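# Quick one, what's the 3D model for this:
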Amino acid sequence: MPSSVPLLIPDLPPLDQLVPYLQRIDANHWYSNFGPLVQELESRLAQSFLPRDARPSIAVTVSNATAGIEMALRALNLPPAAPVLVPAMTFVATATAVLSAGLSPIVGDIDPDSWLLTPALALQAVRKRKLMAVVPVATFGVAQDAAGWDDFYKQTGLPVVIDAAAAYGNQVDPGPTCAVYSLHATKPLASGEGGVVVTRSPELARDIRQLSNFGINLTDPKASLIGTTTMIGTNAKLSEYHAAVGLASLDAWATNSTRRRDLYRAYTDAIKAVDGPALSWQQSPAETVRSLCCFLLPTRELRDHYERQLAKVRIATRRWYLPTINRHPAFKHLTHFPTPVADNIARRLLGVPFYPTISDDQRRAVLVALRAAATG
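Numbering: from 1, shown residues only. Prediction:
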């Protein structure tokens, strides 16, 4: 039986906003392979990032963010099985991308307030064992400290590929190497399926684009004959149809991002006002655009109790991104540092329904269920 209040509902552009872009596809007869809509989407996305210096941002679209992380890591030309630091609390795609790039994820702990793998934690890890790159995550869309990662890069020389899957609009600086954003249907900026890598390195952008097209050289006459394969790549291009959805989403970004911020603030303020156990929240800037709503209960037993009580009235919940990466059966072989903070959060975290189309009645149902759980 479906939940009376589902956990997550994608929010994509309606047909009337898509039609002009779909008509352009019909007129162009260009459906994939870096078509005009893909080029326009990349240009508009690149312009949306704040310039940090004289180098403009470059956006390279890919079929999904997981492929984007993999292509970015492969473009760095690290040695086979090179150790790459990743956080314990993240979606499995972070570790999957590292492994698919032929590298070795090393799992590290997170900050107790921001729930992020920070530059300070990465520096501690570097002092304890050899690392060759870092993939920090903008967990739940909360931006990574790009300036801090710049300093980390200056101190260590290690590339930093920020997994910013849910952080478009929040992670406005791609850091010293690049940031990778998801355009999945559940993200605030959605194309249905897709991703984009943002960097200030023309060379890195060129190599990622080439890797996404089977490694075929289409731009560099010095490397080899145009049209020959000079890298072992894959097919990770974004289609014109997905670019159409992405462009329509971008057209509505100002309105939709404001709606998400306002809804999240009102919703979480109401949850915090519920009498009962004190709840903890991820530390983040007030202007963060959210795709999920998560909080911590004081104990594991209370978290389990709240889960059961909400399930009784058919309100969906989830322990987002848990268990921690190194506790998934497929990743049990991974090397990991002690992760007491991530383990502590894993015992107490609960995600509740949140999406732009959630109704007032649905929100009231969640609040009523939380009050009942607090007193029952």
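# Flag every buried residue along the helix or strand containing Y264.
Counting by DSSP states H and E, the secondary-structure element that holds Y264 is helix 253-272. With burial defined by 16 or more other CB atoms under 10 Å, the residues of helix 253-272 counted as buried are 253, 256-257, 259-261, 263-264, 267-268, 271. All C-beta spots, glycine's among them, are computed from the backbone N, C-alpha and C.
# Next: stretch 44-51.
45-46, 48-49.
# Now do the contacts for the residue nearest the centre of the chain.
The residue at the geometric middle of the chain, judged as the C-alpha nearest the mean C-alpha position with CA atoms, centre = their mean, is A165 (1.5 Å). Residues near A165 by CB atoms under 8 Å, 6 or more residues apart in numbering: 65, 91, 93, 137-138, 180-182, 184, 187, 195.
# do that again at 6 Å, thanks
A165 makes contacts with 65, 182, as judged by CB atoms under 6 Å, 6 or more residues apart in numbering.
# tell me the SS of the spatially closest residue to H305 that is not a sequence neighbour?
The spatial neighbour of H305 that comes closest, neighbours along the chain excluded (CB to CB, 6 or more residues apart in numbering), is A373 at 6.3 Å. With DSSP: H, G, I helix; E, B strand; the rest coil as the basis, the three-state label of A373 is helix.
# how near is A373 to A311?
When distance is defined by CB to CB, to the nearest Å, A373 is 10 Å away from A311.
# Looking only at neighbour counts, state which of the two leads.
When neighbours are counted by other CB atoms under 10 Å, A373 comes out ahead of the other of A373 and A311, with 21 against 13.
# so the more buried one sits right up against Y306, yeah?
Yes - taking CB atoms under 6 Å as the definition, A373 is a contact partner of Y306 at 4.6 Å.
# low-scoring stretches of this structure, by residue?
1-3, 52-53, 221-224 (pLDDT under 70).
# mind listing the strands for it?
Listed in chain order, the strands of the chain (DSSP state E) span residues 58-62, 83-87, 104-108, 133-134, 161-163, 178-182, 195-199, 293-296, 335-336, 349-352.
# want to throw those strands into TSV with distance to M71 and mean neighbour count?
Formatted as TSV, the entries for those read as follows, by distance: least, CB to CB, whole Å; neighbours: other CB atoms under 10 Å:
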stretch	distance to M71	mean neighbour count
strand 58-62	6	26
strand 83-87	14	25
strand 104-108	17	23
strand 133-134	14	26
strand 161-163	10	31
strand 178-182	9	31
strand 195-199	7	27
strand 293-296	29	21
strand 335-336	24	15
strand 349-352	29	22
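# how deep is R348 tucked in, by neighbour count?
R348 is surrounded by 20 other residues when neighbours are defined as other CB under 10 Å.
# quick one, what contacts the nearest residue to it once chain neighbours are set aside?
Closest residue in space to R348, ignoring its immediate chain neighbours: L296 at 4.5 Å, by CB to CB, 6+ apart. Residues touching L296, when contacts are defined by CB under 6 Å, 6+ apart, comprise 280, 348-349.
# and L296, how far is that from W253?
Between L296 and W253 the computed distance is 30 Å (CB to CB).
# Settle this for me: G246 is touching E42, isn't it.
No - contact criterion CB under 6 Å: G246 and E42 do not qualify, at 9.7 Å.
# Those two - which one has more neighbours?
G246 (29 against 23).
# L45 versus that one, what's the distance?
Here the distance between G246 and L45 works out to 8 Å (CB to CB).
# cool, K237 as well?
Using CB to CB, K237 is found at 16 Å from L45.
# With P87 instead?
Counting by CB to CB, the gap from P87 to L45 is 25 Å.
# Repeat that for T230.
Spatial separation of T230 from L45 under the definition CB to CB is 27 Å.
# For the closest residue to T66 other than its chain neighbours, grab the count of nearby residues.
Residue nearest to T66 in three dimensions, not counting chain neighbours: A93, with 4.3 Å by CB to CB, 6+ apart. Here the count is done by other CB under 10 Å, and A93 has 19 residues near it.
# swap in A95?
Other residues lying near A95 total 23 when counted by other CB under 10 Å.
# Likewise for the one 4 residues further on?
As a burial measure, L99 scores 17 neighbours (other CB under 10 Å).
# for this protein, what spans make up the helices?
Counting by DSSP state H, the segments of the chain that form helices are 15-28, 36-47, 65-75, 93-100, 119-128, 146-156, 202-211, 240-251, 253-272, 300-312, 340-346, 360-375.
# Which one, of those, ends up nearest to I110?
With distances scored as CB to CB, the stretch of the helices of the chain nearest to I110 is helix 340-346 (5.1 Å).
# got the buried residues for the closest one?
Of the residues in helix 340-346, those with enough neighbours to count as buried (16+ other CB under 10 Å) are 341-343, 345-346.
# which other residues reach that helix?
The set of residues that contact helix 340-346 without belonging to it, under CB under 6 Å, 6+ apart, is 88-89, 109-110, 112, 322-324.
# what's the most distant pair in these?
With distances taken as CB to CB, the most widely separated pair in the contacts of helix 340-346 is P112 and P323, at 18.0 Å.
# neighbours around the nearest residue to V245 once chain neighbours are set aside, how many?
Of all residues beyond its chain neighbours, the one nearest V245 is S191 (4.4 Å), with distances taken as CB to CB, 6+ apart. By other CB under 10 Å, 29 other residues sit near S191.
# so S191 touches L247, yeah?
No - under the criterion of CB under 6 Å, S191 lies out of contact with L247, with a separation of 8.4 Å.
# What count of nearby residues applies to the closest residue to P79 other than its chain neighbours?
Nearest in space to P79, with sequence neighbours left out and distances taken as CB to CB, 6+ apart, is M132 at 7.2 Å. Residues lying near M132 (other CB under 10 Å) number 19.
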